[in-house]
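S.K.: Starting from these lines, generate the structure:
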Amino acid sequence: MGGVRVLMAMLAAGITYLGSSSRVAAAAGVADGSRPGEPYPGPFCEGEAEPNRSAAPVPSSALPLVAVDGAVSPSPFPWAPPLPEPIPVKVAPPEPPHVPTTFEEKWPVEYVLRPQTIPQGSLRPIITANYFQPQAGPLYTPGGNPYTFHPSLTVGASTTYGATDWLQLGVSVPRLLCFDGPEPSGCNDLNRANGTGLSLAFALVRTRPFQLAMFTAFSVWRSDPLTLEWTVRLRGKFLFGDVVALELEAAASRPFDATAAAHPYLQFTGVSDLNVQLTRHLLAFADVDPYAPAGHLDDPAVEGLAGLTWTFENRVDVGLRAGVYDLFGNRSWQNSVPGSFYLFTLGFFL
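M.R.: Below you'll find the predicted structure:
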């Protein structure tokens with residue numbers, strides 16, 4: 001009898017265990033054909049309300065929202081606080097290139113850094129004193145006739161005006177005053193107005209490493225008989241390391257309205273101008289300038305010069321240069337007096 005009770009007790013425990021296991025399996029959606037998430041459809045106790053099987057699942061909108069990769073989506077963890085919204089990162093636009101505005105920026109103390117045309121609205125007056133020393137020894141005309149010529153000192157002035165940063169106008173009168181001894185000299189009637197004229201310059205390229213400008217001028221070529229001259233020049237400026245500037249120029253000039261005795265001709269000139277900025281204020285330069293008329297390009301004369309310029313902080317500069325009109329002697333086609341010159345300049349920036 002006692003063994004039967006034990007057997008019955010063990011059977012009842014097994015049945016209870018199997019019932020609870022069946023409920024757990026059904027709740028997991030693996031029994032009675034139910035789907036995951038549905039309530040267990042088994043028997044119910046008396047007085048217990050049957051759940052509503054047709055009730056819709058909880059919408060995702062009822063869950064708290066979180067930001068994932070910039071998008072808002074329901075949080076799978078209702079107890080977790082929502083993530084903060086991403087903070088947009090602002091990228092600063094690149095700064096535009098600096099545009100010079102002050103006079104010092106547009107026209108620095110260092111010559112090699114300056115543009116070829118002066119700033120808009122500014123004036124550049126220059127006072128010059130030029131001493132000419134004729135070549136020593138006997139002088140001869142192209143026809144072989146001997147003549148004499150004497151030294152002279154001329155004082156003149158020129159000024160340029162910046163109509164824009166790219167365009168400048170100029171006027172030059174290099175012989176306002178003239179001092180000499182015996183005649184003939186540079187002060188006689190034949191030469192008294194030589195070089196007086198008007199000029200115009202226009203910048204074609206204005207970059208830091210390279211510049212290009214075009215110059216044109218109408219001036220007096222010979223005072224008596226009065227002969228005018230037209231000149232066109234193209235000048236480039238190459239900058240190396242903010243210390244050295246090499247300027248190269250090609251020019252063509254031609255006298256006109258001259259008498260038959262003046263023999264006007266088209267002349268070509270080349271300029272090689274090396275500038276070295278020794279200090280912020282001190283500039284050293286040297287030029288080699290070949291020139292010849294159109295019919296004698298195979299036999300050019302060569303002018304050479306060198307000098308120094310000092311620029312002060314108060315927009316004043318002084319310069320001194322010396323040169324020879326023909327380094328290798330006078331050519332047969334030349335009708336000008338051979339010799340050397342010494343030029344002093346005093347310039348202002350207004």
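
S.K.: CA atoms for contacts and neighbours, from now on please.
M.R.: Noted.

S.K.: Nearest spatial neighbour of Phe132, chain-adjacent residues omitted?
M.R.: The shortest distance from Phe132 to any non-neighbouring residue, by Cα to Cα, 6 or more residues apart in numbering, is to Phe341 (4.5 Å).

S.K.: who does the helix or strand that contains that neighbour pair up with?
M.R.: Assigned by DSSP states H and E, Phe341 falls within strand 339-348. Here strand 339-348 is paired, per DSSP bridges, with strand 123-134 (antiparallel), strand 316-324 (antiparallel).

S.K.: how about the last one: buried residues?
M.R.: By neighbour count, with 16 or more other Cα atoms under 10 Å as the criterion, the buried positions of strand 316-324 are Val316, Asp317, Val318, Gly319, Leu320, Arg321, Ala322, Gly323, Val324.

S.K.: Mind exporting the C-alpha coordinates of it to CSV?
M.R.: Only the C-alpha atoms of strand 316-324 are listed here, as CSV (Å, rounded to 0.1, in the frame of the first residue of the first chain):
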residue,chain,number,x,y,z
VAL,A,316,61.2,109.4,-50.8
ASP,A,317,64.1,107.8,-52.7
VAL,A,318,67.4,108.9,-54.0
GLY,A,319,69.4,107.3,-56.8
LEU,A,320,72.7,107.5,-58.5
ARG,A,321,73.7,105.8,-61.8
ALA,A,322,76.5,106.0,-64.2
GLY,A,323,76.7,104.7,-67.8
VAL,A,324,78.3,104.7,-71.2
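
S.K.: Let me see the mean pLDDT of it.
M.R.: Strand 316-324 carries an average pLDDT of 96.

S.K.: Next: stretch 122-140.
M.R.: Stretch 122-140 comes out with an average pLDDT of 90.

S.K.: ditto for stretch 241-260
M.R.: Model confidence over stretch 241-260 averages 86 on the pLDDT scale.

S.K.: and if you look at stretch 291-309?
M.R.: Mean predicted lDDT for stretch 291-309 stands at 92.

S.K.: chain center to it, what's the gap?
M.R.: Chain-centre distance of stretch 291-309: 33 Å, with Cα atoms, centre = their mean, to the nearest Å.

S.K.: Pull out the buried positions in it.
M.R.: Buried residues in stretch 291-309, defined by neighbour count with 16+ other Cα under 10 Å: 291-293, 300-309.

S.K.: Of those residues, just say which sits nearest to Pro81.
M.R.: Closest approach between those and Pro81, by Cα to Cα: Thr309, at 76.8 Å.

S.K.: In which helix or strand does the closest one reside?
M.R.: Element membership for Thr309, per DSSP H and E: strand 301-311.

S.K.: And that strand, what does it pack against?
M.R.: Judged by 3 or more Cα pairs under 8 Å, 6 or more residues apart in numbering; DSSP states H and E, the packing partners of strand 301-311 are strand 282-293, strand 316-324.

S.K.: between these, which one is nearest to Phe179?
M.R.: Nearest of the helices and strands packed on strand 301-311 to Phe179, taken as Cα to Cα: strand 316-324 at 19.0 Å.

S.K.: So what touches the closest one?
M.R.: Strand 316-324 is touched from outside by 303-311, 339-349, with contacts defined as Cα atoms under 8 Å, 6 or more residues apart in numbering.

S.K.: Just give me the residue right at the centre of the protein.
M.R.: Compute the mean C-alpha point of the chain, and by Cα atoms, centre = their mean the closest residue is Thr207, 3.9 Å away.

S.K.: ok, that one - contacts?
M.R.: Counting by Cα under 8 Å, 6+ apart, Thr207 has no contacts.

S.K.: and what of the one 5 residues further on?
M.R.: Under the criterion of Cα under 8 Å, 6+ apart, the contact partners of Leu212 comprise Gln116, Ala203, Leu204, Val205, Arg206, Leu234, Arg235, Gly236, Lys237.

S.K.: That one and Glu183, how far apart?
M.R.: Distance of Leu212 to Glu183, computed by Cα to Cα, to the nearest Å: 43 Å.

S.K.: what does Leu350 give?
M.R.: Taken as Cα to Cα, the span from Leu350 to Glu183 is 39 Å.

S.K.: Kindly report the same for Asp299.
M.R.: Distance of Asp299 to Glu183, given as Cα to Cα: 31 Å.

S.K.: try Tyr161
M.R.: To Glu183, Tyr161 is 37 Å away according to Cα to Cα.

S.K.: which of these two has more neighbours?
M.R.: Tyr161 (21 against 13; other Cα atoms under 10 Å).
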